[in-house]
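In: I would like to see how this sequence folds:
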Amino acid sequence: MSQKRVARSSRTVTAMVPIFLFIYLSQLPCLVASRPSVGALSFAGKVPQSMRERVHGEMFRGGGDSEYDEYDDEEEDMSGISIQDDGKSSSVTNDLSRQVLGLSTKVIDIMTKITQALCRMWDAVIHPGDDVEDAVVNSVTKKSKKIGAKAPVKSDSGIVDFGTYLAKTYGVSSRTNEEDTAGPALMMGGSLTYAIRTARSQARLLVMFIPASTKSSKQKYDQAAIESLRSSQTARVVGKRPNKMAEKGTGSFLLWGAKSGSPEAITAFKRLKIKRQGGGAGKSSPTLLVAYPAQVFDSSGQPKVVPRLLSRHHCNPPPSAESMGAWLNAIRKRHGKQYVAMQHELRETRLFQERHEGYKSSVESDLQREKEEKEKELERLAKEKALEEEQKALEERRLELQASLPDEPTSNSKASGIITIALRFSDGRTGQRRFLSDTDVNVVFNWVDCTYKMEREKIVLSTMNGKNSFQYEENPEEEDGVSGVTLKSVGLPRMTGLRVTETKEEEGEGNDESSNEE
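Out: The predicted structure follows:
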């Protein structure tokens, strides 16, 4: 269906329903009129009464040809019936069946099409939808091709500039002063619901304009109103800040227009509960009004935006450019509370979005911090576990070293090869033990490790004068971790004092790196 039919369906559907019912009822005489042919055949061929009733019932039920095949198997009482030719009577009966079935099929097809048309028109009236913008633009494009005008153009923001279409359709030129750089204000088209929501989101009042007729040559009031709306004076008032609280770049009004007789124009009249105004001499004036996009809540508690009429111009005659600017400026000053309410809502919405974004970022940062803390905790636990395992291995090794130490010679022993070693630690501790002169040097390191809990690989034994120093060196050629160097071979006297110094890890790592480089 075309957009024109959709627009007129709300006015004609009530009148068309009785017409379609009349057409439906008018088919009944045709069905009844088909019965004389059955009676004529009964008179000529004396068809049984049961067969005539069966055919008449099938005609109203719309049965298929297969249902009539049952007559071939039935045994009818044909006594007293004179049929000259069995072939002729059967052919006449088949022709009658086809005729009746064809008529009933046509009736069903006609009624199906009528019902579908009614359903489409009624659905278009009940569910007009909010996305009529594309349909209106398409209809406007077709109409503009007929009258030689261009289709509505889109601005840089993607909104259809309906004002350009109106100016070209009604032959209105945008007259501006050479010194004035302000161009005509952008006028939205299409869905009224979308325009109301846009005005609410920008804290503006909605200026609505609907021409009186599509015939521009007969409506000078439409041309005058369009010229005033596209003037530079109106553009300055539309883009002016409503009050000092508004941000820079915020305008006071949003322009919206619709084609006369379009679905959106009809919707606007219904939602605002207004009627067209008479312009005198049997003509109507264009519709020019200012609406407030009020926010209300439906029965389910969901917010929605509805238009509330604030002021309407009589447009008899339409205002000039200066009068249009003064009228809109007066409305802007008069309805300051509405601007304050919309601006407050915008600020609250912006603050809510900022808080939401801040909360979202804080949640993300908290999750990231918790993740890092968990990773650090897992790393710490792994280090503690490794340290515990290392300490456990050291304790087991020290037990083995304690068991492997040779027996200490007694002081009363007459053996000549006894060396007494006295230790001095950096923390003030001291220690002393006797060894045989042929004892391996690494045994002294084992004694320090298992007795004083200092790893033999991390200590240095040096004489008191600092001339000689010893480190634990394991000879891979010997067994039991001996170095093959005895206390006598290194020249230690019978009474020897050794200083125990713990090597630093950094120095040890540096030595390891240097050894690797070598």
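In: A helix includes residue 433, no?
Out: No: counting by DSSP: H, G, I helix; E, B strand; the rest coil, residue 433 falls outside a helix, being strand.
In: hmm, it is touching residue 450, no?
Out: No: assessed by C-beta atoms under 8 Å, residue 433 is found out of contact with residue 450, at 11.8 Å. For every residue, glycine as well, the C-beta is placed using N, CA and C.
In: so what's residue 329 up against?
Out: Residues near residue 329 by C-beta atoms under 8 Å, 6 or more residues apart in numbering: 237, 240.
In: in the helix or strand containing it, which residues are buried?
Out: Element membership for residue 329 (DSSP states H and E) is helix 321-334. Using 16 or more other C-beta atoms under 10 Å as the test for burial, helix 321-334 gives 321, 324-325, 327-328, 331-332.
In: tell me which of these is nearest to residue 254?
Out: When the buried residues of helix 321-334 are compared for distance to residue 254 (C-beta to C-beta), residue 328 wins out at 11.6 Å.
In: pLDDT at the closest one, what is it?
Out: Residue-level confidence at residue 328 comes out at 95, pLDDT.
In: so where is the stretch 51-200 of the chain shaky, pLDDT-wise?
Out: The model of the stretch 51-200 of the chain has pLDDT under 70 over residues 51-108, 119-160, 174-182.
In: could you give the angle of the longest helix seen in the chain to helix 321-334?
Out: Taking DSSP state H as the criterion, the chain has its longest helix at helix 336-404. Between helix 336-404 and helix 321-334, the angle comes out at 60 degrees (axes from the mean of the first three to the mean of the last three C-alpha atoms, to 10 degrees).
In: what mean pLDDT does the following helix or strand past helix 336-404 have?
Out: Sequence order places strand 418-425 as the next helix or strand after helix 336-404, per DSSP H and E. If you average the pLDDT over strand 418-425, you get 92.
In: try stretch 243-263
Out: Averaging pLDDT along stretch 243-263 yields 88.
In: show me which positions of it end up buried.
Out: Using 16+ other C-beta under 10 Å as the test for burial, stretch 243-263 gives 246, 250-260, 262-263.
In: that one: end-to-end distance?
Out: End-to-end distance for stretch 243-263: 35 Å, by C-alpha to C-alpha, to the nearest Å.
In: same question for stretch 435-454.
Out: Stretch 435-454 has an end-to-end distance of 20 Å (C-alpha to C-alpha).
In: what residues does that stretch touch?
Out: Stretch 435-454 is contacted from outside by 397-399, 401-402, 404-406, 408-409, 415, 417-419, 421, 423, 425, 429, 431, 433, 455-456, 459, 461, 470, 472-474, 481-488, 490, 498, 500, 502, using C-beta under 8 Å, 6+ apart.
In: one more pass at 7 Å, please.
Out: Contact with stretch 435-454 is made by 398, 401-402, 404-406, 409, 417-419, 421, 423, 431, 433, 455-456, 459, 461, 470, 472, 481-483, 485-488, 490, 500, 502, as judged by C-beta atoms under 7 Å, 6 or more residues apart in numbering.
In: list buried members of those by neighbour count.
Out: Buried members of the contacts of stretch 435-454, counted by 16+ other C-beta under 10 Å: 398, 401, 405, 409, 418-419, 421, 423, 433, 456, 459, 461, 470, 472, 481-483, 486-487, 500.
In: next, give phi and psi for residue 485.
Out: When read as degrees, to the nearest 10, the backbone of residue 485 gives phi -110, psi 120.
In: how about the contacts made by it?
Out: By C-beta under 7 Å, 6+ apart, the contact list for residue 485 reads 440-441.
In: repeat the analysis, applying 10 Å as the threshold.
Out: Each residue near residue 485 by C-beta atoms under 10 Å, 6 or more residues apart in numbering is listed here: 440-442, 470, 473, 475.
In: about what we covered before: list the ones among the buried residues of stretch 243-263 that fall in helices.
Out: Judged by DSSP H, the subset of those located in helices is residue 263.
In: ok, and the closest non-adjacent residue to residue 272?
Out: Nearest non-adjacent residue to residue 272, counting by C-beta to C-beta, 6 or more residues apart in numbering: residue 309, 5.3 Å away.
In: would you confirm that the one you found contacts residue 289?
Out: Yes: with contact defined as C-beta atoms under 10 Å, residue 309 and residue 289 form a contacting pair (6.2 Å).
In: so for the longest helix of the chain, mean pLDDT?
Out: Mean pLDDT, taken over the full extent of helix 336-404, equals 92.
In: who are the packing partners of that helix?
Out: Secondary-structure packing of helix 336-404 (3 or more C-beta pairs under 10 Å, 6 or more residues apart in numbering; DSSP states H and E): helix 192-201, strand 205-210, strand 287-297, helix 321-334, helix 441-452.
In: export the ones you listed as CSV, with columns for distance to residue 391.
Out: Listed next are these as CSV, based on distance: least, C-beta to C-beta, whole Å:
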stretch, distance to residue 391
helix 192-201, 68
strand 205-210, 80
strand 287-297, 70
helix 321-334, 83
helix 441-452, 14
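In: of these, which is nearest residue 351?
Out: In terms of C-beta to C-beta, the element of the helices and strands packed on helix 336-404 nearest to residue 351 is helix 192-201, at 15.4 Å.
In: which residues do residue 433 and residue 450 both contact?
Out: Here residue 433 and residue 450 have residue 405 as joint contacts, going by C-beta under 10 Å, 6+ apart.
In: could you find the closest non-adjacent residue to residue 260?
Out: Per C-beta to C-beta, 6+ apart, closest to residue 260 is residue 211, 4.7 Å.
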